[in-house]
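*Asks:* make a model of this:
(one chain, ligands or ions: 2)
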Amino acid sequence: MQDKRLMERIETGIPGYDELLGGGFFKGSVNVVIGGTGTGKTVFGGEFIYNGVKAGRKGMIVLTSEEAEYIKREWYTSFGWDFWELEEEGKVVFVDIADPSLRLQKTVEIAPDELIKSFKKLLESKIKSVNPDLIFIDSLEALFLAIESKYKLKSLVDDIFDVLREAPATCMVAAGVIYGVDEIIAYSADSITNVGMVRVGNNLQRSVHVAKHRGSVIVNQVRVLQLSDDGIAVLSQSPYLEF
Ligand SMILES: Nc1ncnc2c1ncn2[C@@H]1O[C@H](COP(=O)(O)OP(=O)(O)OP(=O)(O)O)[C@@H](O)[C@H]1O
Ligand SMILES: [Mg+2]
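*Replies:* Residues are numbered from 1 along each chain as shown. Ligands and ions are numbered 1, 2, ... in the order given. Sure thing, here's the model as predicted:
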């Protein structure tokens, strides 16, 4: 049976980004943002959840590498986003896998595939209890670094994505560029957005492009990704056309 959910769009509200995607994400899809360290992946996800919550949706943020309190502080000082308040109001739920009560800490003693299986179970139960409209996972590559077989890696990523696709929520997943793990994560995604740093003269500029979006006509251009006190924005002009 056709899943009609996938025909409905959810606007991200990130200025300029919905245009690049050809009109926002499809409802219920899994969308990956890939980039090296410091390129803006975490801010991207924060803006996606923040805008969605302001538009009346419920958000869930799953953290695998940074503590929730640290991220909330960072977003407050950088952009004035008050996630403590949104959490108190029940509009956002943080799931921090380093939280001892979840017993899911990454340690070298736990076999990597056991950790991923526990993560999958945690995701399933949190999706059920929180019932979010939007999910941001930051980030996925760290959990998969220790999986040596590419085949196993792909099937474990697919398992996690299946859980996300079965949920009614629309998902954004951050993935760092490391040892090809990001490429395998990208394969299974409904959309891929690449963020990076480009040298223009003596300046470094953040760049963004959408590399795929299943079922959608995308803008095939590299654009400037701007970070400012207002958060993240994709500028409408591409400065790279002349090169
Ligand atoms: N108000 C602001 N204006 C401009 N830039 C900002 C502002 N606040 C934060 N930044 C920049 O945003 C960047 C943070 O990017 P972010 O944490 O999203 O990157 P990331 O890709 O998630 O990196 P990591 O691999 O470390 O997780 C920092 O380099 C910081 O300098
Ligand atoms: Mg980050």
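*Asks:* alpha carbons only: can I get stretch 38-46 in PDB?
*Replies:* Taking Å, rounded to 0.1, in the frame of the first residue of the first chain, the C-alpha atoms of stretch 38-46 are listed here in PDB:
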ATOM      1  CA  GLY A  38      32.500  22.600  13.100                       C
ATOM      2  CA  THR A  39      30.700  23.000   9.800                       C
ATOM      3  CA  GLY A  40      27.300  23.600  11.500                       C
ATOM      4  CA  LYS A  41      25.500  20.200  11.700                       C
ATOM      5  CA  THR A  42      24.400  20.700  15.300                       C
ATOM      6  CA  VAL A  43      23.100  24.200  14.700                       C
ATOM      7  CA  PHE A  44      21.200  22.900  11.600                       C
ATOM      8  CA  GLY A  45      19.400  20.400  13.800                       C
ATOM      9  CA  GLY A  46      18.800  22.900  16.500                       C
END
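*Asks:* can you name the residue of this protein nearest ligand 2?
*Replies:* Going by Cβ to the ion, ligand 2 is nearest to T42 of the chain, at 3.2 Å. (Each C-beta comes from the backbone N, C-alpha and C, glycine too.)
*Asks:* tally of neighbours for the nearest residue to that residue once chain neighbours are set aside?
*Replies:* In this structure, T42 finds its nearest non-sequential neighbour in D138, 5.4 Å apart by Cβ to Cβ, 6 or more residues apart in numbering. By the measure other Cβ atoms under 10 Å, the count of residues near D138 is 23.
*Asks:* show me what D138 bridges to in the sheet.
*Replies:* L63 (DSSP bridges).
*Asks:* ok now the helix ranked longest in the chain, how far from the chain's centre?
*Replies:* Longest helix in the chain, counting residues (DSSP state H): helix 112-130. Between the centre of helix 112-130 and the centre of its chain there are 17 Å (Cα atoms, centre = their mean, to the nearest Å).
*Asks:* from here on, call the first residue 39.
*Replies:* Shifting the count to begin at 39 puts that one at helix 150-168.
*Asks:* that older thread, near ligand 1, anything from the strand or helix carrying the residue of the chain closest to ligand 2?
*Replies:* T80 is part of helix 79-92, with elements assigned from DSSP states H and E. Yes. Against ligand 1, helix 79-92 shows contacts by Cβ under 6 Å from any ligand atom at K79, T80, V81.
*Asks:* show me what the residue positioned nearest the centre of the chain is bridged to.
*Replies:* Computing the C-alpha centroid of the chain and ranking residues by Cα atoms, centre = their mean puts V211 first, at 2.7 Å. Under DSSP bridges, the beta-bridge partners of V211 are V70, I175.
*Asks:* thought I48 was touching N69?
*Replies:* No. The pair I48 / N69 is not scored as a contact, 9.8 Å apart, by Cβ atoms under 8 Å.
*Asks:* go ahead and confirm G74 touches V236.
*Replies:* No. Distance between G74 and V236: 11.7 Å, which falls outside the contact criterion (Cβ under 8 Å).
*Asks:* after the helix or strand of the chain with the lowest mean pLDDT, next one along is what?
*Replies:* In the chain, no helix or strand scores lower on mean pLDDT, DSSP states H and E than helix 179-182, which sits at a mean of 85. Tracing the chain past helix 179-182, the next element assigned as helix or strand by DSSP H and E is helix 188-204.
*Asks:* sorry, back to before: off-centre distance for the least confident helix or strand of the chain?
*Replies:* 14 Å.
*Asks:* buried sites along it?
*Replies:* Neighbour counts over helix 179-182 (16 or more other Cβ atoms under 10 Å) mark E179, A180, L181, F182 as buried.
*Asks:* what's the closest non-adjacent residue to the last one?
*Replies:* Counting by Cβ to Cβ, 6+ apart, F182 lies nearest to V219, which is 5.1 Å off, once chain neighbours are set aside.
*Asks:* residues near that neighbour, how many?
*Replies:* Residues near V219, counting by other Cβ under 10 Å: 21.
*Asks:* fine by me, we can end here.
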